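Peer 1: everything below, folded, please.
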Amino acid sequence: MGLDKRILPLAIGGLGIGTTEFTVMGLLPDIAKSLQISIPEAGHLISAYAMGVVIGAPILIGYSVKFPPKKVLIALMVIFTLFNALSAIAPDYTTMLIIRFLSGLPHGAFFGVGTVVAARMAGKGKEAFYISLMFTGLTVANLAMVPLVTYIGHTFHWRWYFAIVAVIGLLTLISLKLWLPVLERKEDSHFLEELKFLKSRQSWLVLLITAIGFGGLFTWFSYITPLMTIVAGIKESQMAYVMILAGGGMVVGNLVGGYISDRMSPEKTCILFIFLMMSALAGVFFLSDNQTAALILTFVCGALSMSVSAPINIMMMKAAPKSEMMAAAFMQAAFNIANAMGAFLGGIPLEHGFSFNYPSLVGVGMTFIGLVIALRYKYLYGSQQQGEDDLAVECVSCDK
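Peer 2: Okay, here's the model as predicted:
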């Protein structure tokens, strides 16, 4: 059975979003030199994008729920493509800062709408796997596009990075127009109605699992370069290969997580993989001075970092069956909070002079808290079937 081409537009969009989000980190020195600013100032471009993600997700979803999902996704990708293209010609730092904020606005909303669309196209029993197919674009970005575009940016000019992302955006727009089916819009919905899911304890438990549990893995990923070069003794010139190894793990883990979730239940899958995250981070703490073990754990942690993406999104859609898109958008905000928390808390032992394997020990504690919350969720809502019928809603013109 071949790949369902209807999911390709969402995967290509994820490829563009992943490329623009993660490539900038490797090009900060080039951008700083060109715009005549310091590297820490250039780092504010990352923060501006992340702020755009957090602010844009609920606002754009709240406004767009009354429109058909296909039109919403096209509109979001137009915004994404436009502002990445403008990033390529931004004349100064202030302009670039504003444009990067605007570039981040459609990020969470695209994945929020895309998550629901993928689940609806999948039909009963395949929702998690289809969501993982959408996130494949994000994982392939880390595996291939980020190293490639970083090389192009270093070799020629960093502005080519944004131009390439804009081209991916155009390809996404074409594929959305050609292949994405027309889905029914949500009737009689408005912004405040969409936000009612925040009154649910079930929804907050899922958001906490995401923000705290995933934050544990970001304690590792945020400091992976000094961990591998200083603790494991790997040459800096080989770090590109290390990042490709982590990206390969993400691709595998994302698909495996979606496949298993459709067979085990999202709750059980989430608990299993968070426990494995905790174990892997403990392994990083104790074994990173061994190069072979450090490389194996890089692949494993990369895989686990994406393995819970599909099941945790399914859990949120169950928790908020009447606000699926808004809830999925809030999940993107929670992932960004996890990123920020992981980097901040993981840096605390480093500020006190501890080695670069100690952030992962902080990560063990964070994933343990996430595991406890996940077990609580399973105890309270594991047998609940509310919202599952909504995931199997048939779409209009969905013929393959």
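
Peer 1: is it true that F101 touches G52?
Peer 2: Yes. Contact criterion C-beta atoms under 8 Å: F101 and G52 qualify, at 4.4 Å. (Each C-beta comes from the backbone N, C-alpha and C, glycine too.)

Peer 1: what about the two, which has more around it?
Peer 2: More crowded of F101 and G52, by other C-beta atoms under 10 Å: G52, with 23 against 20.

Peer 1: which non-adjacent residue is nearest that one?
Peer 2: Among residues not flanking G52 along the chain, G104 sits closest, at 2.5 Å (C-beta to C-beta, 6 or more residues apart in numbering).

Peer 1: try G112
Peer 2: Nearest residue to G112 in three dimensions, chain neighbours excluded: A329, at 3.2 Å (C-beta to C-beta, 6+ apart).

Peer 1: ditto for M341
Peer 2: Residue nearest to M341 in three dimensions, not counting chain neighbours: G215, with 4.1 Å by C-beta to C-beta, 6+ apart.

Peer 1: check T210 too.
Peer 2: Excluding its sequence neighbours, the residue lying closest to T210 (C-beta to C-beta, 6+ apart) is A334, at 4.0 Å.

Peer 1: got the contact list for the one you found?
Peer 2: Residues counted as contacts of A334 (C-beta atoms under 8 Å, 6 or more residues apart in numbering) are 207, 210-211, 214.

Peer 1: which residues of this protein score low on pLDDT?
Peer 2: The model of the chain has pLDDT under 70 over residues 1-3, 185-192, 383-400.

Peer 1: distance from the helix ranked longest in it to the middle of the chain?
Peer 2: Using DSSP state H to define each element, the chain has its longest helix at helix 93-122. Relative to the centre of its chain, helix 93-122 is centred 11 Å away, using C-alpha atoms, centre = their mean, to the nearest Å.

Peer 1: list the buried residues of the helix or strand following that helix.
Peer 2: Using DSSP states H and E, the helix or strand that follows helix 93-122 in sequence is helix 127-140. Neighbour-count burial for helix 127-140, counted by 16 or more other C-beta atoms under 10 Å, picks out 127-140.

Peer 1: any idea which of those is closest to M316?
Peer 2: Nearest to M316 among these is I131, at 10.8 Å by C-beta to C-beta.

Peer 1: how about that closest one, nearest residue that isn't a chain neighbour?
Peer 2: Leaving aside its sequence neighbours, I131 sits nearest to A310 (C-beta to C-beta, 6+ apart; 4.4 Å).

Peer 1: hang on, isn't the one you found packed against G257?
Peer 2: Yes. Between A310 and G257 there is a contact under C-beta under 8 Å: 5.4 Å.

Peer 1: more neighbours: the two, which one.
Peer 2: Per other C-beta under 10 Å, whichever of A310 and G257 has more neighbours is A310, with 33 against 28.

Peer 1: hmm, E193 and I61 touching each other?
Peer 2: No. The pair I61 / E193 is not scored as a contact, 11.9 Å apart, by C-beta under 8 Å.

Peer 1: looking at the two, which is more packed in?
Peer 2: Neighbour count, other C-beta under 10 Å: between I61 and E193, I61 has more, with 28 against 15.

Peer 1: just the buried positions in the helix or strand harbouring W160, please.
Peer 2: Using DSSP H and E, W160 sits within helix 159-179. Along helix 159-179, the positions that meet the burial threshold by neighbour count (16+ other C-beta under 10 Å) are 159, 161-166, 168-169, 171-173, 175-176.

Peer 1: residues making contact with it?
Peer 2: Helix 159-179 is contacted from outside by 5-6, 8-9, 12-13, 15-16, 19-20, 23-24, 27, 70, 73-74, 77-78, 80-81, 84-85, 87-89, 149-150, 152-153, using C-beta under 8 Å, 6+ apart.

Peer 1: out of those, which end up buried?
Peer 2: Among these, those scoring as buried are 6, 8-9, 12-13, 15-16, 19-20, 23-24, 27, 70, 73-74, 77, 80-81, 84-85, 87-88, 149-150, 152-153 (criterion: 16+ other C-beta under 10 Å).

Peer 1: which of the residues you listed fall in helices?
Peer 2: Filtering the buried ones among the contacts of helix 159-179 for helices - DSSP H - leaves 8-9, 12-13, 15-16, 19-20, 23-24, 27, 70, 73-74, 77, 80-81, 84-85, 87, 149-150, 152-153.

Peer 1: what about the closest residue to Y381 other than its chain neighbours, which helix or strand?
Peer 2: Distances taken as C-beta to C-beta, 6+ apart put Q202 closest to Y381, at 5.5 Å, once the chain neighbours are dropped. Here Q202, judged by DSSP H and E, is contained in helix 201-208.

Peer 1: for that helix, packing partners?
Peer 2: Judged by 3 or more C-beta pairs under 8 Å, 6 or more residues apart in numbering; DSSP states H and E, the packing partners of helix 201-208 are helix 309-319, helix 324-351, helix 358-381.

Peer 1: starting at the chain centroid, how far to the last one?
Peer 2: Relative to its chain's centre, helix 358-381 lies at 19 Å (C-alpha atoms, centre = their mean).

Peer 1: how far off helix 324-351 does it point, in degrees?
Peer 2: 150 degrees (axes from the mean of the first three to the mean of the last three C-alpha atoms, to 10 degrees).

Peer 1: what do you get for the first one?
Peer 2: Note on geometry: by the same axes, to 10 degrees, helix 309-319 and helix 324-351 are set 130 degrees apart in direction.
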